[in-house]
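In: got a sequence here, can you build the structure:
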Amino acid sequence: MGEPGPGVPPIVSVIIPVWDTEPFLAECLGSVVRQSIGLDRIEVIAVDDGSTDGSGSLLDDWAARHPQITVVHEPNSGGPGRPRNVGLDRARGTYVFFLDADDFLGPEALERLVAMAERNESDIVLARMVGVDGRRVPTPFRANIDRAELPDVYPTLTVLKLFRRSLIEGLGLRFEEALSGHEDGPFTAHAYFHARVISVLADYPSYHVRPKRHTRAPVDLRKRLENTAERIDLLVRHTEPGSVRDRLMARHIADVLRPFSVHWLALEPETRRTVFETAADLIRRWNTEAIQHDLDPGRALRAYCLGHGLSAALEDIVACPPERAYDDPIVEGQRVFARYPHFRDDAGVPDRWFELTDRVAPRRHVTRAAVVGDRLELAGEAYLKYVDGSTAVVLRRWPWGPSYSARADAVATPMLSDRHRSYPAAGFTASIDLSVIADGRPIGRGSWDVLLSIGTDAVRRTVPARLDRPTEPERQPASAAGQPMAVLTEGPAGSLRLRVEPVSALIRSLERAEPVLRRVRRRR
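Out: Numbers count the residues shown, from 1 in each chain. Predicted coordinates:
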């Protein structure tokens, strides 16, 4: 299909700011022109922001072959705000989608996003983002949402979404052009506050995002905090004090705390003090007890030090790598504390801002489960959030009886991390000999829950093993000579269970009654 006819506006205007992204640009453009919605419903406005590689020429080549692509060459502006504004000034579509030039779209992205917007009369539709080339992207939404609540979407202030253009033009929205980054936050926040309907398309991987390989300018921490203060003012103008504002404000409190890294420590003392005082004022004004309570120790300690003028203590805490604080936590009975500096010393920081007890949560992904001959084989990834640790497989007779464990072998996971730390050896494989697992004897007949014990000698959590969907357990029955038949099945909530036949009539009856018993227990 060709370009829109004369005077017929496209449905979607895709705006792409381009600056030195030649290695990825063809994939980006190709993902747009191959959209299932059809080229007759798309226009592409690619704005070359003074690229110094071959990006500009490549854009011209694509435009020569695809009349739906308009290329604008601009002097370098130092950030994506100016090229996005140039694109907005030329856009004609009912909707606008912002796409970065080193990312790309899933083939059906625009068709599905527009359908969601048309069905719900949405002003904004959030696309599901997935990482490529090692980029890890959080997935806060597991299912589509026709009409999302503002607190649910507010943490995602990037502009990489579908917007109804009449909303943008009605508000006179444009990007701040003086910023080299984070210019999309005020734009998106303004749009959020005035949108009639915000929807989420979570059931299709629409937006594929790469790690950003370059920045345009050194980070000015003072300027970043000033920008955060402006966003806070915008939020305050549109909300009343209370729980809803707190949920939204938490996003900005995180931005206030973000500059306190090694970059802050590298500043000249006078500048470092100015940044401290600027952030401290924002924390004292806007960081409520409810927000503080939800912060992890690294952030909670920063916020406490800022709020109480503890500059020297903050320097020590910032200088402590998260791995050092979490690899060897302080364990007192059932309580766990991060080993940051100034725990119970003269600085007077309360214990609760070091505490990890309720945050040390197991993360596990079982990618393979099978019984092969005499052996139960499992593979996947598992770690304790903050702590990391090793993995063991535990077989526990259901509904009561003995447990047996076997250590799993670690597998390198060099790209696995979250915002707290890396988990370089969280992969695991286990091949458990069922003929000797029971203290040198074969495993007994019956049903056995398959569990993962994750953690360190000091901190350990045991949780059911569950296969990732859509993976299913390999169900082929297997038995060694003289051994009972063993097969993997699914227990409650997708947990793995090993059945070693023959299972007694009593156990079979209890298994049939298990769903009812679990529902009764939940009601209590």
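In: against Arg363, how distant is Val463?
Out: 10 Å (CB to CB, to the nearest Å). C-betas here are computed from N, CA, C, even on glycine.
In: right, I mislabeled it, should have said Gly446
Out: In terms of CB to CB, Gly446 sits 30 Å off from Arg363.
In: which one's more surrounded, the two?
Out: Higher neighbour count among Gly446 and Arg363: Gly446, with 19 against 15, using other CB atoms under 10 Å.
In: domains for this structure, by residue range?
Out: 12-209, 221-353, 362-523 (automatic domain parsing).
In: tell me where the model's unsure across this protein.
Out: Along the chain, segments meeting pLDDT under 70 span 1-7, 178-183, 213-218, 469-484, 516-524.
In: tell me the buried residues in stretch 499-506?
Out: Arg499, Val500 (16 or more other CB atoms under 10 Å).
In: just checking, Ala280 is part of a strand?
Out: No: counting by DSSP: H, G, I helix; E, B strand; the rest coil, Ala280 is located in no strand; its state is helix.
In: from memory it sits against Gly307, does it?
Out: Yes: at 6.7 Å, Ala280 and Gly307 qualify as touching, with contact defined as CB atoms under 8 Å.
In: the two: which has the busier surroundings?
Out: Set Ala280 next to Gly307 and count neighbours by other CB under 10 Å: Ala280 wins out with 20 against 17.
In: gap between the more buried one and Arg273?
Out: 10 Å.
In: in space, what's closest to Asp103 - neighbours in sequence excluded?
Out: Val209 (4.9 Å; CB to CB, 6 or more residues apart in numbering).
In: please enumerate the strands of the stretch 301-450 of the chain.
Out: Ranges of strands in the stretch 301-450 of the chain, per DSSP state E, counting those that start in this stretch, are 330-332, 335-337, 362-372, 375-384, 390-398, 403-407, 409-411, 427-433, 446-455.
In: quick one: end-to-end distance for stretch 412-432.
Out: Its first and final residues considered, stretch 412-432 spans 20 Å by CA to CA, to the nearest Å.
In: ok, and what's touching it?
Out: Contacts to stretch 412-432, defined as CB atoms under 8 Å, 6 or more residues apart in numbering, come from residues 134, 136, 296, 298, 322-323, 326, 375-383, 385-386, 388, 391, 393, 395, 406-411.
In: list only buried entries from those residues.
Out: 296, 298, 322, 326, 375-383, 385-386, 388, 391, 393, 395, 406, 408.
In: looks to me like Ser166 is in a strand.
Out: No: counting by three-state DSSP, Ser166 is not found in a strand; it is helix.
In: among the strands of the stretch 301-450 of the chain, which comes closest to Pro140?
Out: Closest of the strands of the stretch 301-450 of the chain to Pro140 is strand 362-372, at 15.5 Å (criterion: CB to CB).
In: so which bits of stretch 282-289 are buried?
Out: By neighbour count on 16+ other CB under 10 Å, the buried set for stretch 282-289 is Leu282, Ile283, Trp286, Asn287.
In: got a markdown table for these, with distance to Ile69 and secondary structure too?
Out: Compiled in a markdown table, the buried residues of stretch 282-289 are given as follows (distance: CB to CB, whole Å; DSSP: H, G, I helix; E, B strand; the rest coil):
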| residue | distance to Ile69 | secondary structure |
| --- | --- | --- |
| Leu282 | 43 | helix |
| Ile283 | 47 | helix |
| Trp286 | 44 | helix |
| Asn287 | 47 | coil |
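In: and Pro259, which of the three is it?
Out: coil.
In: ok, it touching Phe276?
Out: No: if you go by CB under 8 Å, Pro259 and Phe276 don't touch, sitting 9.6 Å apart.
In: hey, which of the domains of the chain is tucked in deepest?
Out: domain 12-209 (a mean of 19; mean count of other CB atoms under 10 Å).
In: first-to-last residue distance for that domain?
Out: Domain 12-209 end-to-end distance (CA to CA) = 20 Å.
In: can you check stretch 456-464 too?
Out: OK, stretch 456-464 end separation, CA to CA: 18 Å.
In: for the residue nearest to Tyr386 when sequence neighbours are not counted, give me its contacts.
Out: The shortest distance from Tyr386 to any non-neighbouring residue, by CB to CB, 6+ apart, is to Tyr326 (4.5 Å). Each residue near Tyr326 by CB under 8 Å, 6+ apart is listed here: Ala338, Arg339, Leu356, Tyr386, Val387, Asp388, His420, Arg421.
In: can you rerun that using 10 Å?
Out: 297-298, 336, 338-340, 356, 360, 384-388, 420-421, 459 (CB atoms under 10 Å, 6 or more residues apart in numbering).
In: restricted to helices, list the residues you listed.
Out: Judged by DSSP state H, the contacts of Tyr326 include Pro297, Gly298 as members of helices.
In: just checking: what are the partner strands of the particular helix or strand that has Asp48 in it?
Out: Using DSSP states H and E, Asp48 falls within strand 42-49. Note on strand 42-49: by DSSP bridges, its sheet partners are strand 12-18 (parallel), strand 69-74 (parallel).
In: export those strands as JSON lines, with columns for distance to Phe193.
Out: Output for the strands paired with strand 42-49, formatted as JSON lines (distance: least, CB to CB, whole Å):
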{"stretch": "strand 12-18", "distance to Phe193": "22"}
{"stretch": "strand 69-74", "distance to Phe193": "30"}
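In: of all those, which one is nearest Gly401?
Out: strand 12-18 (60.0 Å).
In: next structured bit after the closest one?
Out: Immediately after strand 12-18, counting by DSSP H and E, sits helix 22-33.
In: between strand 69-74 and that following helix, find me the angle.
Out: 140 degrees (axes from the mean of the first three to the mean of the last three CA atoms, to 10 degrees).
In: I'd like the distance from helix 22-33 to the chain centre, please.
Out: How far helix 22-33 lies from its chain's middle: 24 Å, per CA atoms, centre = their mean, to the nearest Å.
In: swap in stretch 89-96?
Out: Distance, centroid of stretch 89-96 to centroid of chain: 30 Å (CA atoms, centre = their mean).
In: just the endpoints, please. Distance across it?
Out: Terminal-residue distance, stretch 89-96 (CA to CA): 11 Å.
In: same check, this time on stretch 84-95
Out: 14 Å.
In: now do that stretch: distance to the chain's middle.
Out: Worked out by CA atoms, centre = their mean, stretch 84-95 lies 29 Å from the chain centre.
In: which is the next helix or strand following whichever strand or helix holds Ala189?
Out: Assigned by DSSP H and E, Ala189 belongs to helix 184-194. Following helix 184-194 in sequence order, the next helix or strand is strand 198-209 (DSSP H and E).
In: just the CA trace of the helix or strand just after that next one, in PDB.
Out: Downstream of strand 198-209, the next assigned helix or strand under DSSP H and E is helix 221-238. What follows is helix 221-238, C-alpha atoms only, in PDB (Å, rounded to 0.1, in the frame of the first residue of the first chain):
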ATOM      1  CA  LEU A 221      23.400  17.300  38.900                       C
ATOM      2  CA  ARG A 222      22.300  20.800  40.000                       C
ATOM      3  CA  LYS A 223      20.300  21.300  36.800                       C
ATOM      4  CA  ARG A 224      18.800  17.800  37.100                       C
ATOM      5  CA  LEU A 225      17.600  18.600  40.600                       C
ATOM      6  CA  GLU A 226      16.100  21.900  39.400                       C
ATOM      7  CA  ASN A 227      14.300  20.000  36.700                       C
ATOM      8  CA  THR A 228      13.000  17.600  39.300                       C
ATOM      9  CA  ALA A 229      11.800  20.500  41.400                       C
ATOM     10  CA  GLU A 230       9.800  21.800  38.400                       C
ATOM     11  CA  ARG A 231       8.200  18.400  37.900                       C
ATOM     12  CA  ILE A 232       7.300  18.300  41.600                       C
ATOM     13  CA  ASP A 233       5.700  21.700  41.300                       C
ATOM     14  CA  LEU A 234       3.600  20.400  38.400                       C
ATOM     15  CA  LEU A 235       2.500  17.400  40.400                       C
ATOM     16  CA  VAL A 236       1.600  19.600  43.400                       C
ATOM     17  CA  ARG A 237      -0.500  21.900  41.200                       C
ATOM     18  CA  HIS A 238      -2.600  19.000  39.900                       C
END
